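Engineer: heads up, no residue letters with this:
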């Protein structure tokens, strides 16, 4: 079983253009294209929704709060407990409001980011592996990078507003439409795509690492099992799938310095402040030195591991369960 969710195969004819790098797998240039199934496109957002409402969203809120602090020494920045108490205080002492701060509707809209990830990853893997003859492992890595880049275009506007809601209590109190209008009025429409270039880079690296590491961990598990029990060497348990996702997600946290650049590109600043990568990096270094690029790293490991356990582990289990139910009907 590969790390990506399985394909449901339907036949559709596509003509593959010839090129020097093309290595057809048969004498004909007509290939059967295996489209992602409807269930696969549905499960992605459902997994992200489940992850976010069970703590994933609040982990991100705490991380954003940590990333936006300023100071060159550890004592100058609040701890996670202090950030938690501040968020609860700003919402009138209501833990539930703090827990879902910025979730309705901005975090909820971001649940749809699972659609471009699964769709682009599945399609690009097929074209690279089946169409262009790439090796499976290389196609897996490349498709992970492409899916992450596509996700950035969808996520960036919602992330911008969510960062503003987390950073500014006055924006947090506004209804959704008024909050987005306030951001556009203050910073302009194109401000919704502040940080898009580092976000594309970070998400490409992030998903490439997640998919690759999770797949390699699963290979190690299967290889070890083949020596002990050859009859079960092609299967992994649900718990093992979750473990693969946890490890892959934790490893992807090494893109965290880029994530800090994204957050500092989107945080509240005086109107007209430059948000290009060079200007943001210089400002971060001037304000906080090297700590500006590592703040929130610990909670990023936890957040990424938890998120990937849902997407890689629970998502695969849900898909196979749903497919089995449909086949039995």
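Structural biologist: Okay, I see it. Keep in mind that what you see is a predicted model, and the values were worked out from it rather than measured. Numbering: from 1, shown residues only.

Engineer: Residue ranges in the chain under the pLDDT threshold?
Structural biologist: Scanning the chain for pLDDT under 70 picks out 1-40, 114-116, 118, 231-233.

Engineer: Okay, strands next: where are they in the stretch 51-200 of the chain?
Structural biologist: Ranges of strands in the stretch 51-200 of the chain, per DSSP state E, counting those that start in this stretch: none exist.

Engineer: can you give me the helices in it?
Structural biologist: In the stretch 51-200 of the chain, the helices defined using DSSP state H, counting those that start in this stretch lie at 57-67, 80-90, 95-99, 108-109, 114-126, 136-167, 169-172, 176-187, 196-228.

Engineer: how big is the angle separating the longest one from helix 136-167?
Structural biologist: The directions of helix 196-228 and helix 136-167 differ by 130 degrees, with axes from the mean of the first three to the mean of the last three Cα atoms, to 10 degrees as the criterion.

Engineer: after helix 196-228 comes which helix or strand?
Structural biologist: Using DSSP states H and E, the helix or strand that follows helix 196-228 towards the C-terminus is helix 238-251.

Engineer: List of residues touching that next one?
Structural biologist: Outside of helix 238-251, the residues within contact range by Cβ atoms under 8 Å, 6 or more residues apart in numbering are 3, 209-215, 217-218, 221, 236, 301, 304-314, 316-317. Glycine gets a C-beta too; all of them are placed from N, C-alpha and C.

Engineer: buried set for that helix?
Structural biologist: 240, 241, 242, 243, 244, 245, 246, 247, 248, 249, 250, 251 (16 or more other Cβ atoms under 10 Å).

Engineer: just stretch 208-227 next, same as before
Structural biologist: 208-218, 221-222, 225.

Engineer: Next: stretch 275-292.
Structural biologist: 275, 277, 280, 281, 283, 284, 288, 291, 292.

Engineer: Most widely separated two among those?
Structural biologist: Pairwise distances across the buried residues of stretch 275-292 (Cβ to Cβ) peak at 20.8 Å, for the pair 275 and 291.

Engineer: follow-up on the earlier one: would you convert the buried residues of stretch 275-292 into JSON lines that also reports distance to residue 178 and secondary structure?
Structural biologist: Formatted as JSON lines, the buried residues of stretch 275-292 follow (distance: Cβ to Cβ, whole Å; DSSP: H, G, I helix; E, B strand; the rest coil):
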{"residue": "275", "distance to residue 178": "23", "secondary structure": "coil"}
{"residue": "277", "distance to residue 178": "31", "secondary structure": "helix"}
{"residue": "280", "distance to residue 178": "27", "secondary structure": "helix"}
{"residue": "281", "distance to residue 178": "33", "secondary structure": "helix"}
{"residue": "283", "distance to residue 178": "29", "secondary structure": "helix"}
{"residue": "284", "distance to residue 178": "30", "secondary structure": "helix"}
{"residue": "288", "distance to residue 178": "32", "secondary structure": "helix"}
{"residue": "291", "distance to residue 178": "35", "secondary structure": "helix"}
{"residue": "292", "distance to residue 178": "31", "secondary structure": "helix"}
